[in-house]
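Student: next input, structure requested:
(3 chains)
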Amino acid sequence: MENKGKRSPIRIVLPVLCILVLIVVPVIFRNPAFLQLMVLVLLYAYLTSSWNLVGGFAGVLPLGHTLFAGVGAYTSTLLFIELGLTPWIGMFVGALLAMVAGILIGLPTLKLRGAYFALSSIAFLEGMRVVTENTKVAFGVKINGPQGLLLPLKGNSLYYFQFDNKIWYYYIILIMTAIVLYITYKVSVSRLGYYLMAGGEDKEAAEALGVNVFRCKMIAMMMSTFLTAFGGTFYAQLVRYIYPRGIMNLEFAFEIAFIAIVGGRGTIAGPILGSFLLVPVAELTRIYLGGSYLGIHLAMYGLVLMLVMIFQPRGITEPLTKIYNNILDRFEGVRS
Amino acid sequence: MYLLEALITGVTMGSIYGLTALGLTLIFGVMKVINFAHGSFLMVAMFVTYWLIKLTGIDPYISLFVVVPVLFFLGFLTQRFLISPAFKGEKDVREPISVILLTSGLWIFLDAMALLLFGAFYRTVKTSHSGKTFVFGDGDLIINKTRLYGLIIALITSLILWFFLKKTRTGRAIRAVGQDRDAARLMGIDSDFIYDFTFGLGIALVGIAGVVLMPFYYVHPTVGVVFDIRAFIIVVLGGLGSIPGALIGGIIIGVVESVGAQFITATWTEGLIYLIFLLVLFFKPSGLFGYKQEW
Amino acid sequence: MKLLKVNRLTKNFGGLKAVDKLDLSIQDGMILGLIGPNGAGKSTAFNCIAGLYPATSGQVIYKDDDITKLKSYDVCRKGIARTFQLSKPFPNKSVLKNVMVGGFLWSKDRNRAEAKALEVLEFVNLIDKRDVLGKSLTVADRKRLELARALATDPALLLLDEVMAGLRPPEVEEVITIIRKINERGITVFLIEHIMQAIMSLSDLIVVIHYGRKIAEGQPEEIASNEQVIKAYLGEEYVLAGN
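Tutor: Here you go, the predicted model:
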């Protein structure tokens, strides 16, 4: 970040304050419905940030990313049900498998043009969902097809990653999100980040400068799918029931992409901003208006997406950052 | 005989898939626009047809004369006021991803509005043609009249479209703009208008598909989703911008769906169709009849 | 030492022979100019050498390595950098970030890449515009950015594809000076140009191609009076008139 002359302490205090609020909020507001909402918001923040590594930094448009969440969820859950393996370990296995899936899918698709990549990601997601729905048993393991898997209830247990009080889930997803954000930040200032940006802006020019664009995209894909899988496991542990249409869901995959893009793909704050703005509004409209006005939160999503694509296709982070900086500048100006 | 009937169902249903894909391949081929809202427009066309028949009792095939212009108009407006601005906002980026997202937003919006206005009910409509069949050879072979009409209309539409693009001035203008928008402009063609017109035309074709479906299919706010995905698969399979490709691709998909269901479950046939799509995408992205492009 | 050797390079596009059995070699440290009428195949030859197009046949040998089949990013890693005729800045990133992409080639460290980028920007006189976005640059600045980016990769051989096209005379003079400075640093330069006085004054040696084939090679003064060259550019009548 450029240092425009003097930098008042408020520029550091404000973000730190926000983080403190996030840490303290569930202790102060113990309303379970509110906690539930915050957990959801953070889960979206986590998933969209993971998506951002491929969808934002690598410049491709994956619209089927929940496939990898599904791999994570199913892997950790099956290991839990069949072998009693704690999901804390199971989720790493799931992440590795998701990464392998990411490589296998990325190999033929990352060289495709944007639109075709998007279509293929949908085809893979739907294809995988269909296969899972149709499989009752695979390799001697019960998959249960469309009914999905119910997680054995272990009550309140850190070892089994299950909690009665939502507050635990909140802190876990908060930490996970912080980790993803850190990784995203590190990538953005690294060589990989610059190479990905270059490859996304002008592939030929980037390659003439020594950038192996395909390999960089593949690395981003591997990181993104690895991280997304953890989100899948978290979801499984939160809801304690997974089924193909629930986790490998096309609408959900689209939502993740939209929120990241409306927030600002390729930026670090974009997915976070998008999640914090869109998810609460969508959830609240769904809860309060969904009964009598079924579909209104979706209509809203669609409308927001269209408006953003017409007026601010790179997302709202840029203009919001400008406004934020303007306000702070004015504030600093008044003070001096 | 089940196999033969399945084949015929596959061909007739496939021709309607092809009809839906016709509009998409036109839009995709000429404007390089991925219209994810294509299925939603189909849903709109079906609802318009539904209400028209319900309220006026008009013969469904006559309603073509109302539905098609209405859909053309909707398409024209959509391109002019929604898609074109999104296109322009993105001049610096090489891949017009904004438009994909815009049309996705439109898809969600249209489906949600339909849900809001009409509710999540499955509606069908009874027409004078419902349930009528053609019977061949003493009951050996039975074909639904409405499905057969669908096939015929799909074929006729394809021919008319092909003729229109090849022989008329506007058609040639469309093809010119599809090849090189700026060069076409230099030749005196109003590329912006052609874009609006082409999109309108593509949606009008979807309108025809909607009318043809209503007599034997159900309408529901999300009915377009399946057709949408099929249409994209068909466009890739048949080749971007190819009319025979769209029709033949549609029939192939229809047949796979129908005949496949005789041997494996319906959901496995869906998986099979996705597999075909991916294989075509990886090994012959230009499709059956498309031009060789650098993807 | 021969830095680059091109043997019987051929590139066909369908039935069109864009480059036809082209032979040329570049000595370490020289400036080689490539000229020819429009459509002679200059850019195509360049693109084959740089790894953007696969050659139909022939060889490109760089410092004893056969680089014919290498992709452009591997060619760059060997030490050959290129600029594009139609400049391709990264539009939404600053000039500094643009050049840093090149600077990252030999170091993962961001500070080193930034230092390299700043040094190069200073060298091509673009340092004042380091925060300007790629899409907001003037034509002259874009050309300089192309140069800067390529230089940031620390090449031993620099391929310049019509880097002066579209520039006004004072801007052309500036670029000529920069190219001379680059060569003085020890970088071999291979350039395509249409601006005759520029390429004549810069080049140690000139190769002329026409219809994809080499029709002349020699010092600038020889080339200027070469009959074949005049015929290729201006047609038969001018040769006879010159007599």
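
Student: shaky segments in chain A?
Tutor: A:1-8, A:290-294, A:334-336 (pLDDT under 70).

Student: could you pull out the helices in it for me?
Tutor: A:10-28, A:32-52, A:66-83, A:87-109, A:114-133, A:166-188, A:191-201, A:203-208, A:213-239, A:244-247, A:250-264, A:269-289, A:296-311, A:317-335 (DSSP state H).

Student: for chain C, longest helix please?
Tutor: Per DSSP H, chain C has its longest helix at helix C:169-184.

Student: re earlier: among the helices of chain A, which is nearest C:Ile176?
Tutor: helix A:203-208 (22.8 Å; CB to CB). (Glycine included, C-beta is placed from N, CA and C.)

Student: check which residues of the longest helix of chain C are buried.
Tutor: C:Glu171, C:Val172, C:Glu174, C:Val175, C:Ile176, C:Ile178, C:Ile179, C:Ile182, C:Asn183 (16 or more other CB atoms under 10 Å in any protein chain shown).

Student: rewinding a little: chain B: which of the helices of chain A is closest?
Tutor: Nearest of the helices of chain A to chain B, taken as CB to the nearest CB: helix A:296-311 at 2.9 Å.

Student: for that closest one, what is the distance to the chain centroid?
Tutor: 19 Å (CA atoms, centre = their mean, to the nearest Å).

Student: tell me the angle of that helix relative to helix A:250-264?
Tutor: 40 degrees (axes from the mean of the first three to the mean of the last three CA atoms, to 10 degrees).

Student: list the helices and strands the longest helix of chain C packs on?
Tutor: helix C:139-152, strand C:188-192, helix C:196-202 (3 or more CB pairs under 8 Å, 6 or more residues apart in numbering or on different chains; DSSP states H and E).

Student: still on that earlier bit, which of the helices of chain A sits closest to C:Leu16?
Tutor: Per CB to CB, nearest to C:Leu16 of those: helix A:203-208, 21.7 Å.

Student: go through the closest one and flag the buried ones.
Tutor: A:Lys203, A:Ala205, A:Ala206, A:Glu207, A:Ala208.

Student: same check on stretch A:12-31?
Tutor: A:Leu22, A:Pro26.

Student: hmm, who's touching it?
Tutor: Residues outside stretch A:12-31 that contact it (CB atoms under 8 Å, 6 or more residues apart in numbering or on different chains): A:Leu35, A:Met38, A:Lys166, A:Ile167, A:Tyr170, A:Tyr171, A:Leu174, A:Leu328.

Student: would you point out the most distant pair within those?
Tutor: A:Lys166 and A:Leu328 (34.7 Å).

Student: who's more crowded, the two?
Tutor: Ranked by neighbour count (other CB atoms under 10 Å in any protein chain shown), A:Lys166 and A:Leu328 place A:Lys166 first, with 19 against 15.

Student: so what's that one up against?
Tutor: Per CB under 8 Å, 6+ apart, neighbours of A:Lys166: A:Pro26, A:Pro32, A:Leu35, A:Gln36, A:Val39.

Student: ok, of those, which come out buried?
Tutor: Neighbour counting over these (16+ other CB under 10 Å) leaves A:Pro26, A:Leu35, A:Val39 as the buried ones.

Student: what's the closest of these to chain C?
Tutor: Distances from chain C to the buried ones among the contacts of A:Lys166, taken by CB to the nearest CB, are shortest for A:Val39, at 35.0 Å.

Student: isn't the closest one up against A:Leu238?
Tutor: Yes: with contact defined as CB atoms under 8 Å, A:Val39 counts as touching A:Leu238 (6.9 Å).

Student: chain B: strands as residue ranges?
Tutor: Here chain B has its strands, by DSSP state E, at B:133-136, B:141-144.

Student: winner for burial among the ones you listed?
Tutor: Neighbour counts (mean count of other CB atoms under 10 Å in any protein chain shown) averaged over each of the strands of chain B peak at strand B:141-144, with a mean of 16.

Student: all good on my end, thank you.
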